[in-house]
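Visitor: After the sequence you'll find the predicted model.
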Amino acid sequence: MNPTPRTVRHFIDGAWREADSGRTVEASSPVDGQVIGTVADGDREDARRAVSAARAAFDSWSGRTAYERAEVLHRIADVCSSRRDELAETLTHDQGKPLLAEAYPEVDDLIGYWTMAAEDAVRLEGSLPPSRNPGTMALLVRRPLGPVAVITPWNWPYTMPAQVVAPGLATGNTVVWTPAPSTSVCSELLMECIVEADLPPGVCNFVTGPGPEVGDEIAGHSDVAAVAFVGSTATGRSVAARSAGKTQLLELGNNGPIVVMDDAEVESAIEGVLVGAFLCGGQSCAAAERILVHETIHEELVGGLLDAVTREVRLGDPFAESTTMGPLNNEAVAEKMDAHVRDAVETGATVLVGGERAGRFPTDLYWQATILDNVDPGSVVAREETFGPVAPLIKIRSLEDAIESTNALDYGLLSAIYTRDLGTGLRFAEGVRSGVVNINESSNYWETQLPFGGRAGTSSGVGRVGGRFAAEQLTELQTVIVSPAKG
């Protein structure tokens, strides 16, 4: 299935336009290496123009009622729904995820984000706390922040922008969005859907180009009030420094475990590991980067996991109905997978299945589902975020071991535990520094109306997305004190 290559342009101040420099870059598919688009190669001047448009549009957009803005978001949801097939197919070409298993579900979640943000916006409330003085009234009112810079990754190129852009627009902010270069083609299609809903000029702007230029410019621009970034910890720290003094919403890296205790329901744990390690080819901030398994059930889990991977994980053409895992998105993440698996083996791990690139597909980005046993806790794969299809197994002896191992790293986004004892699960949740803890669910389990984000003081970011919590992040409280006139 070879699509017609798309021409990807910026959308600034209500108009599609080429990069100011005139430069373009070719985009190729991780699926087969075919060129799928020509992308405007933006720079700081393009970014500044977009911020200026967002600033100029803010007063008018924020002055609309929540119901008027909600109507626009419902229109965006309707457009996405009407273009569902095109969105899913373009996502598979550009990102590499399987069409039926993952691309269509992401589009459906995308539609839900617009609808949820629209409904959350009309329910956003302030409060009326009591005053100490008779006759005086205190009001706490939520106000939009201003232009919001949104810098998004390539693993979920529809839903991760939507989880910020949708509530940002719904609450009266304007937006400048720059997507990851390796998924600019499908991102531009999403921007088309937003444009088709007929937003006023400048309300939502879209600029493609390298992060060190476009992303850096919008993060640091004096007219930007808030910055939302989803991506690696290293880049997130740079974004945080560049945007000092602004509201920040940073969803960064993770190496969170799935813990399997001695009383766990092993079949459920195995299914959880499959989802945690191999959903989106492991390219997820909530991936099961470590499997901490109690030594008494280690052999049972290993045997069942091997059978399940062989039976259920099918690497292949992501357009084929039977495929459950497609190629990795880009060469950099494939090389990282190479290095982490190689280091694990050199430090004593055993490859039970997989362990290398598949080597029989149109590109070299197809990596086999991999299980590593007896992984050294000090190895790179056990300490850093791999972002690939790997399940590293590490033995533990107790709940205390699990908590200590989880907290040994500076990440704090998400962790999961399988146990039949609710008390054990709750003690784990209380003891670990994780923003989200799943008990008897995979590490990748999340409901979009719930808050999601890293624990403060860790390397996994600050702030929360999800439902009304994102709307609260992208607004601020204004205190209004009303006293009776004294004259």
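Guide: Arrived safely. Everything quoted here is computed from the prediction, not taken from an experiment.
Visitor: Enumerate every residue touching the closest residue to residue 61 other than its chain neighbours.
Guide: Computed as C-beta to C-beta, 6 or more residues apart in numbering, the closest residue to residue 61 that is not its neighbour in sequence is residue 203, at 5.0 Å. No exception for glycine: its C-beta is placed from N, CA and C like everyone else's. For residue 203, the contact set (C-beta atoms under 8 Å, 6 or more residues apart in numbering) comprises 54, 57, 61, 169, 174, 175.
Visitor: same thing but at 7 Å, please
Guide: 57, 61, 169, 174 (C-beta atoms under 7 Å, 6 or more residues apart in numbering).
Visitor: Check for me that the third one belongs to a helix.
Guide: To tie it back to what came earlier, the one meant is residue 169. Yes. With DSSP: H, G, I helix; E, B strand; the rest coil as the criterion, residue 169 is part of a helix.
Visitor: was I right about it contacting residue 175?
Guide: Yes. Contact criterion C-beta atoms under 7 Å: residue 169 and residue 175 qualify, at 6.2 Å.
Visitor: what sits in contact with each of the two?
Guide: Joint contacts of residue 169 and residue 175 (C-beta under 7 Å, 6+ apart) are residue 204.
Visitor: Return the distance of residue 277 relative to residue 387.
Guide: 11 Å (C-beta to C-beta, to the nearest Å).
Visitor: And the two? Which one has more around it.
Guide: Taking other C-beta atoms under 10 Å, residue 277 and residue 387 do not tie; residue 277 has more neighbours (31 against 27).
Visitor: Could you list the domains of this structure?
Guide: Per automatic domain parsing, the domain ranges recorded for the chain read 6-252+463-477, 257-447.
Visitor: Just want the most central residue of the chain.
Guide: The centroid of the chain falls nearest to residue 160 when counting by C-alpha atoms, centre = their mean (4.5 Å).
Visitor: Please look at it and residue 153 and confirm they touch.
Guide: Yes. Using C-beta under 7 Å, residue 160 is in contact with residue 153, at 6.1 Å.
Visitor: residues bridging contact with those two, i.e. touching both?
Guide: By C-beta under 7 Å, 6+ apart, the residues touching both residue 160 and residue 153 are residue 230.
Visitor: Name the nearest residue to residue 274, sequence neighbours excluded.
Guide: residue 308 (5.7 Å).
Visitor: Next, count neighbours for that neighbour.
Guide: For residue 308, using other C-beta under 10 Å, the count is 15.
Visitor: Could you do the one 5 residues further on as well?
Guide: A total of 18 residues lie near residue 313 under the criterion other C-beta under 10 Å.
Visitor: and what of residue 245?
Guide: By other C-beta under 10 Å, neighbour count at residue 245 equals 7.
Visitor: about what we covered before: beyond whichever strand or helix holds the residue nearest to the centre of the chain, next helix or strand please.
Guide: Assigned by DSSP states H and E, residue 160 belongs to helix 159-170. Downstream of helix 159-170, the next assigned helix or strand under DSSP H and E is strand 174-178.
Visitor: and that next one with helix 159-170, angle?
Guide: On the basis of axes from the mean of the first three to the mean of the last three C-alpha atoms, to 10 degrees, strand 174-178 is oriented at 160 degrees to helix 159-170.
Visitor: mind listing what strand 174-178 pairs with, with the direction of each?
Guide: strand 147-151 (parallel), strand 204-206 (parallel) (DSSP bridges).
Visitor: so what's residue 32 closest to, chain neighbours aside?
Guide: Nearest to residue 32 is residue 362, by C-beta to C-beta, 6+ apart, at 4.0 Å.
Visitor: So the one you found, which state does it fall into?
Guide: Residue 362 ends up coil, using three-state DSSP.
Visitor: what's the pLDDT at it?
Guide: The model reports residue 362 with a pLDDT of 98.
Visitor: Then residue 456?
Guide: For residue 456, pLDDT reads 82.
Visitor: Same question for residue 1.
Guide: 67.
Visitor: try the one 3 residues further on
Guide: Among the per-residue scores, residue 4 holds a pLDDT of 93.
Visitor: Same question for residue 84.
Guide: pLDDT, read off for residue 84, is 99.
Visitor: Please apply the same query to the one 5 residues further on.
Guide: Among the per-residue scores, residue 89 holds a pLDDT of 99.
Visitor: Return the backbone torsion pair for it.
Guide: The phi and psi values for residue 89, taken as degrees, to the nearest 10, are phi -70, psi -40.
Visitor: who are the neighbours in contact with it?
Guide: residue 99.
Visitor: one more time with 10 Å
Guide: 1, 3, 99, 103, 104, 107, 186, 189, 319 (C-beta atoms under 10 Å, 6 or more residues apart in numbering).
Visitor: Surely the fourth one is in contact with residue 88?
Guide: Spelled out, that is residue 103. Yes. Contact criterion C-beta atoms under 10 Å: residue 103 and residue 88 qualify, at 4.2 Å.
Visitor: Now the common contact residues for these two.
Guide: Contacts common to residue 103 and residue 88, judged by C-beta under 10 Å, 6+ apart, are 97, 158, 186.
Visitor: Let's have those residues in a markdown table, adding neighbour count.
Guide: Listed next are the shared contacts of residue 103 and residue 88 as a markdown table, based on neighbours: other C-beta atoms under 10 Å:
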| residue | neighbour count |
| --- | --- |
| 97 | 29 |
| 158 | 29 |
| 186 | 29 |
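Visitor: Between these, which sits nearest residue 438?
Guide: residue 97 (22.0 Å; C-beta to C-beta).
Visitor: Next one: the spatially closest residue to residue 162 that is not a sequence neighbour from residue 236, what distance?
Guide: Counting by C-beta to C-beta, 6+ apart, residue 162 lies nearest to residue 113, which is 3.9 Å off, once chain neighbours are set aside. Look at residue 113 and residue 236: by C-beta to C-beta, they are 22 Å apart.
Visitor: Then residue 37?
Guide: Taking C-beta to C-beta, one finds residue 37 at 27 Å from residue 236.
Visitor: Select, out of the domains of the chain, the one closest to residue 484.
Guide: domain 6-252+463-477 (4.9 Å).
Visitor: Number of residues surrounding residue 98?
Guide: For residue 98, using other C-beta under 10 Å, the count is 25.
Visitor: how much space between it and residue 106?
Guide: With C-beta to C-beta as the criterion, residue 98 and residue 106 are 11 Å apart.
Visitor: cool, residue 452 as well?
Guide: 16 Å.
Visitor: need the contact list for residue 257.
Guide: So residue 257 contacts 276, 288-293, 382, 392, 394, 396, 402, 405-406, 409, 411, 414-417, 432, 434, 443 (C-beta under 10 Å, 6+ apart).
Visitor: Kindly report the same for residue 373.
Guide: Counting by C-beta under 10 Å, 6+ apart, residue 373 has contacts 291, 293, 298, 302, 305-306, 344, 348-353, 391-395.
Visitor: For beta bridges, what are the partners of it?
Guide: With DSSP bridges as the rule, residue 373 is bridged to residue 350.
Visitor: Pretty sure residue 71 sits against residue 199.
Guide: No. With contact defined as C-beta under 10 Å, residue 71 does not reach residue 199; the gap is 11.3 Å.
Visitor: quick one, strands of the stretch 201-350 of the chain?
Guide: 204-206, 226-230, 247-251, 257-260, 290-294, 350-353 (DSSP state E, counting those that start in this stretch).
Visitor: Tell me the buried residues in the first one?
Guide: Taking 16 or more other C-beta atoms under 10 Å as the neighbour-count basis, strand 204-206 is seen to contain the buried residues 204, 205, 206.
Visitor: out of those, which one sits closest to residue 93?
Guide: Nearest member of those to residue 93, counting by C-beta to C-beta, is residue 206, at 19.1 Å.
Visitor: pretty sure that closest one is touching residue 199, no?
Guide: No. Judged on C-beta under 10 Å, residue 206 makes no contact with residue 199 at a distance of 11.4 Å.
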